[in-house]
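In: here is my input, please return the structure:
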Amino acid sequence: MKHTCKIRLMMASAALLTLTGPAFALDGADMMKKLNAAMSANGSSLLFDKADADGDVVTVTGVKLQVSGKGGEKIDIGEVTFEGVEESDGGGYYAETVSFPDVNVSQDGTSLSAKDISIGGLSIPGNPAGATINDLLLYETAGTGPISVNVKGKDVFTAESTEANLTRQENDAGFDFDATLAGLKADLSDVEDAKAKEAIEKLGLTKLDGEVTMNGSWELESGNLALEKYALDFKNVGRLNIAMDFSGYTLQFMKSLQEATKAIEANPNKAEANQAFQLSMLGLMQQLTFNSASIRFDDASITKKALDYAGSQQGVTGDQLAQSLKALVPIMMAQLNVPELQNQVSAAINTYLDGPKSLTITAQPEKPVPFPMIMGAAMGAPNTIPSVLGVKVTAND
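Out: Okay, the predicted model is just below:
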């Protein structure tokens, strides 16, 4: 009797597992289908051979990426592994990590390699056509290990690592983002053009060593996109930082831009497609508002080298060229008919050339300026743009 009960219990358990198993099994093919749908919003598409699920791991083989604008050309990626995969609300998927094979491609004596490529916290939407934050293809972290570009057996560009982070703000109000390209090195010693090679050597640019960093935020409701820092910083050259802030870049704006981009790619008549795209962009630009922008350069010895080199080409010293520039700038600025800006630029250039430290151009209007107003000023009275945008030029501050 006990033996019969045990058999019945085992059979019931097996039947229960059989019935419930498929409900909890991951569908790798469905995940890739939805990933492809999300990527197609930007004009790219994915192809693959198989997507095998084993527990919470999905291994996808034969992955190929077709990038927008490549004319049908496909990039072989190979095997991609998604780990910690689970279904999310709305029919989407979430993967804790996505690992890619190392890249090592060569063509015509040039090779590119990239190692340790990965994505963390990948969210794949169930409905990429939706209009909420959960309908976006998102990641939490992304990065690589060493990257190198080799030409004829010599590394001309290397980077120690790349890293990008995307963090949701409280109540899903938007995102904070940052990225770093660290340990960047470039070797320009083998430039073939004689004149360019001479300039590179005189300016001390044969070997470049630096990094690129950026950070900012995006608020979804207002569409406020603030790029607080986009900095290129190189030793013995200087640091160039660009910042900008504008509003109106909402989810709907982004999707309209994606649709316009897809339309131009799909239209075989490129002249007609370009015209339609320009009209679409003109309409979309009406929705944007300019808040502020700035460009700042902090010198690290490149200015004096540039003056000395440019002066040598004209048979004068760097100091003599600097004095000539001081006299020439007001004459050039006078042609723009912007007296206030002319005085600012002249004063800033004089200060900078006397002792190069920093040069900054800012645009900070008293109130945000709609893009249509800027375009109107550009077409009707270009000399009013500096006052409309609140442009200022300063040096060594």
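In: which stretches of the protein have low pLDDT?
Out: For the chain, the stretches with pLDDT under 70 are 1-24, 68-72.
In: can you pull out the helices in it?
Out: 2-24, 28-39, 194-202, 251-266, 270-285, 302-313, 318-334, 339-354, 371-380, 385-389 (DSSP state H).
In: will you turn the ones you listed into JSON lines that also has distance to residue 396?
Out: (Each C-beta comes from the backbone N, C-alpha and C, glycine too.) Shown next, in JSON lines, are those (distance: least, Cβ to Cβ, whole Å):
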{"stretch": "helix 2-24", "distance to residue 396": "65"}
{"stretch": "helix 28-39", "distance to residue 396": "47"}
{"stretch": "helix 194-202", "distance to residue 396": "25"}
{"stretch": "helix 251-266", "distance to residue 396": "39"}
{"stretch": "helix 270-285", "distance to residue 396": "36"}
{"stretch": "helix 302-313", "distance to residue 396": "12"}
{"stretch": "helix 318-334", "distance to residue 396": "14"}
{"stretch": "helix 339-354", "distance to residue 396": "5"}
{"stretch": "helix 371-380", "distance to residue 396": "29"}
{"stretch": "helix 385-389", "distance to residue 396": "21"}
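In: looking at those, spot the one closest to residue 225.
Out: In terms of Cβ to Cβ, the element of the helices of the chain nearest to residue 225 is helix 251-266, at 9.8 Å.
In: just the CA trace of the closest one, in CSV.
Out: Provided in CSV are the C-alpha atoms of helix 251-266 (Å, rounded to 0.1, in the frame of the first residue of the first chain):
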residue,chain,number,x,y,z
LEU,A,251,10.3,60.8,-25.4
GLN,A,252,7.9,61.8,-28.2
PHE,A,253,10.5,64.0,-29.7
MET,A,254,13.0,61.1,-29.6
LYS,A,255,10.6,58.7,-31.3
SER,A,256,9.8,61.2,-34.0
LEU,A,257,13.5,61.7,-34.7
GLN,A,258,13.9,57.9,-34.9
GLU,A,259,11.0,57.6,-37.3
ALA,A,260,12.5,60.4,-39.5
THR,A,261,15.9,58.6,-39.5
LYS,A,262,14.3,55.3,-40.5
ALA,A,263,12.3,56.9,-43.3
ILE,A,264,15.5,58.4,-44.9
GLU,A,265,17.2,55.0,-44.7
ALA,A,266,14.2,53.2,-46.3
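In: that helix packs against which elements?
Out: helix 270-285 (3 or more Cβ pairs under 8 Å, 6 or more residues apart in numbering; DSSP states H and E).
In: looking at the helices of the chain, which is buried most?
Out: helix 28-39 (a mean of 19; mean count of other Cβ atoms under 10 Å).
In: now it: how far from the chain's centre is it?
Out: Helix 28-39 sits 23 Å away from the centroid of its parent chain (Cα atoms, centre = their mean, to the nearest Å).
In: cool, stretch 135-152 as well?
Out: Mean-position distance between stretch 135-152 and its chain equals 11 Å (Cα atoms, centre = their mean).
In: for stretch 196-216, same thing?
Out: 20 Å.
In: first-to-last residue distance for that stretch?
Out: Using Cα to Cα, to the nearest Å, the end-to-end distance of stretch 196-216 comes to 36 Å.
In: circling back: of all the helices of the chain, which one is nearest residue 210?
Out: Closest to residue 210 of the helices of the chain is helix 302-313 (Cβ to Cβ; 11.9 Å).
In: ok, back up a step: nearest to residue 116, of the helices of the chain?
Out: helix 28-39 (21.3 Å).
In: and the contacts of that closest one?
Out: Helix 28-39 is contacted from outside by 45-46, 48, 50-53, 58-60, 82, 85, 91-93, 124-126, 128, 136-137, using Cβ atoms under 8 Å, 6 or more residues apart in numbering.
In: now do stretch 42-60
Out: 25-29, 31-32, 35-36, 39, 61-69, 74, 79-86, 95, 258, 261-262, 265.
In: make it 7 Å
Out: 25-26, 28-29, 31-32, 35-36, 39, 61-68, 74, 79-86, 258, 261-262, 265 (Cβ atoms under 7 Å, 6 or more residues apart in numbering).
In: what's the end-to-end length of that stretch?
Out: With Cα to Cα, one end of stretch 42-60 sits 22 Å from the other.
In: same question, stretch 333-347
Out: End-to-end distance for stretch 333-347, by Cα to Cα: 12 Å.
In: likewise for stretch 213-228?
Out: Using Cα to Cα, one end of stretch 213-228 lies 11 Å from the other.
In: how about stretch 93-111?
Out: 35 Å.
In: for that stretch, buried residues please.
Out: By neighbour count with 16 or more other Cβ atoms under 10 Å, stretch 93-111 contains the buried residues 93-95, 97-98, 100, 103, 111.
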